[in-house]
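Trainee: Sequence first, predicted coordinates after that:
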Amino acid sequence: MAPKITDRMGWSAMALVALALFGNFYVYDSVAPVAEMLSSQLGFTDTQIGTLNAIYSIPNVVLVLIGGILVDRFGVGRVGTITAGVCMLGALLTSLSPSFPVMATGRLLYGIGAETFNIATLSAVTLWFPFRHTALAMGLTLAMGRVGSLTADLSPTWAAGVYAQGWQPPLVLAAALAATSFAAMAVYWWYERRSRVEQTRPPLESQQRMQWRHVLDFSRTYWYLVALCVLWYASILAFRSTFAIKYFQQAHGLPLDVAGQMVSYVFLAAIFTTPLFGWLCDRTGRYSGMLAFGASLLPLAFISLLLTHQDVRIGTALIGVSYSLVPAAMWPMASRLVAARRFGTAIGVMWVIQNAGIAGSNLIAGWLNDTNGASAANPAGYTPMMLFFLTAGVLGFVFALLLWRSVPGSVRQVEDA
């Protein structure tokens, strides 16, 4: 007989997962604070800087779907611990050499592990909270990941001595935090096995009946959610996690520490508001309406940043609210649009296409900056990049409206409707 899983056990598990997410998110956002130093000290072009985050996404165009299936088959703890270890090795390799190929290889290795790791953490929430508190648990767990990103954004301030030594020590610091992520996930795996929570999952035989052709059987509503996910993340992550600090430095004249603080406000807002929005989703079930509202804020943010040449606080505030609201509603809604036994695979499909979008967005943005000579001496060179992000944000909002139209009321459980 399967053991009874209590809320206390679930929240203990989520604490470990949240700690693991902290380190993983920090590593992802460790490129932006050193972007200007990579350019000035190592001579990297914006295309190369964009590639450091694009190459993270490239392998996941294929591997993340396999990762979702692996999580469904072998469990959260095992797959999460292994991929956290891969992330740690990738972060370490990124910090070892000023050579762009070596650094890119490290980011590639980190990317191979990170997205499957993220699927495992989302699956952990549905494993411990399958029926209630789902959105709240996801919101709180993601909030801790946002703390990791916030910590990375503010690292030029709280670790000023590290940054004063050049481009390499900040990346070594990121590798050390990746090690804490691996340790936390290893403890989680032990806790999962000790609690025997895997006995509450569907039998392996029923999971194996999932076939590749079933990927095309997901509902139209699910595919609207996929389109929104791809366009929204491609727009917000390529800007916030790759070029925002450099853009604020060179287009708005902010010093590095202030630019990092401006970007950090996105995650400072998300830390507190993502759990709140998750709680509202649990209470009302109106995921699609909240998604539409959250998606509408991103293009407004880019319009503000384009038209406001001095004060960037309005734009960053809008990005912060959007970044809080959209994930708080998106991932719980995904868990209700597909059957539980197909959740890992459904998330894998979403992230396959999402990573293609993020990779392409980083490469296009870097190419636009290089082609138009974007720099402190030519701030107008950044305008094409910002118009590109604005266009992606508008298209994402269109799909959010289509989703809202398809699911106008509350959503408790659609399951491949």
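Mentor: Happy to help now that I have it.
Trainee: Which residue ranges of the stretch 301-417 of the chain form helices?
Mentor: Remark: helices assigned in the stretch 301-417 of the chain by DSSP state H, counting those that start in this stretch are 313-337, 343-371, 383-406.
Trainee: Nearest to N60, out of those helices?
Mentor: Nearest to N60, of all those, is helix 343-371, at 3.8 Å by Cβ to Cβ. Heads up, the C-betas are built off the backbone N, CA and C, glycines and all.
Trainee: tell me the average confidence for stretch 220-232?
Mentor: Mean pLDDT, computed over stretch 220-232, is 90.
Trainee: got the buried residues for that stretch?
Mentor: 221-232 (16 or more other Cβ atoms under 10 Å).
Trainee: how far does that stretch sit from the chain's center?
Mentor: Shown here is stretch 220-232, whose average C-alpha point lies 15 Å from the average C-alpha point of the whole chain (Cα atoms, centre = their mean, to the nearest Å).
Trainee: Go ahead and name everything in contact with that stretch.
Mentor: Taking contacts as Cβ atoms under 8 Å, 6 or more residues apart in numbering, the residues outside stretch 220-232 that touch it are 291, 295, 298, 322, 326, 330, 333-334, 337-338, 346, 349-350, 353-354, 356-357, 392-393, 395-396, 399-400, 402-403, 406-407, 414, 416-417.
Trainee: Of those residues, just the buried ones, PyMOL syntax please.
Mentor: Applying 16+ other Cβ under 10 Å to the contacts of stretch 220-232, the buried members can be selected in PyMOL as follows:
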select buried, resi 291+295+298+322+326+330+333+334+337+338+346+349+350+353+354+356+357+392+393+395+396+399+400+402+403+406+407+414
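Trainee: helix or strand for the nearest residue to G357 once chain neighbours are set aside, which one?
Mentor: With sequence-adjacent residues excluded and distances taken as Cβ to Cβ, 6 or more residues apart in numbering, G357 is closest to A234, at 3.6 Å. Counting by DSSP states H and E, the element that carries A234 is helix 220-238.
Trainee: so that helix versus helix 343-371, what angle?
Mentor: Using axes from the mean of the first three to the mean of the last three Cα atoms, to 10 degrees, one finds that helix 220-238 and helix 343-371 are set 40 degrees apart in direction.
Trainee: any weak-confidence spans in the stretch 51-200 of the chain?
Mentor: Scanning the stretch 51-200 of the chain for pLDDT under 70 picks out 130-135, 196-200.
Trainee: Show me the helices in it, by range?
Mentor: Listed in chain order, the helices found in the stretch 51-200 of the chain under DSSP H, counting those that start in this stretch are 60-74, 76-94, 100-128, 134-153, 155-158, 160-163, 168-195.
Trainee: and those as CSV, adding distance to S304 and mean neighbour count?
Mentor: Formatted as CSV, the helices of the stretch 51-200 of the chain follow (distance: least, Cβ to Cβ, whole Å; neighbours: other Cβ atoms under 10 Å):
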stretch, distance to S304, mean neighbour count
helix 60-74, 31, 22
helix 76-94, 33, 24
helix 100-128, 29, 24
helix 134-153, 19, 25
helix 155-158, 24, 18
helix 160-163, 29, 14
helix 168-195, 29, 20
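Trainee: of all these, which lies closest to T274?
Mentor: Across these, T274 has its closest neighbour in helix 134-153 (4.5 Å, Cβ to Cβ).
Trainee: Determine how far the last residue of stretch 240-256 lies from the first.
Mentor: End-to-end distance for stretch 240-256: 14 Å, by Cα to Cα, to the nearest Å.
Trainee: what's it in contact with?
Mentor: Contacts of stretch 240-256 (Cβ under 8 Å, 6+ apart): 28-29, 31-33, 35-36, 39, 46, 49-50, 52-53, 149, 153, 156, 163, 239, 258-260, 262-263, 266, 309-310, 312, 319, 323, 362, 365-366, 369, 374-376, 379, 382, 385-386.
Trainee: list the contacts for the residue nearest to G357?
Mentor: Residues touching A234, when contacts are defined by Cβ under 8 Å, 6+ apart, comprise 354, 357-358, 360-361, 392.
Trainee: Apply 7 Å and report the result again.
Mentor: By Cβ atoms under 7 Å, 6 or more residues apart in numbering, A234 lies in contact with 357-358, 361, 392.
Trainee: Show me which pair in those is furthest apart.
Mentor: The most widely separated members of the contacts of A234 are I358 and A392, with 10.6 Å between them, by Cβ to Cβ.
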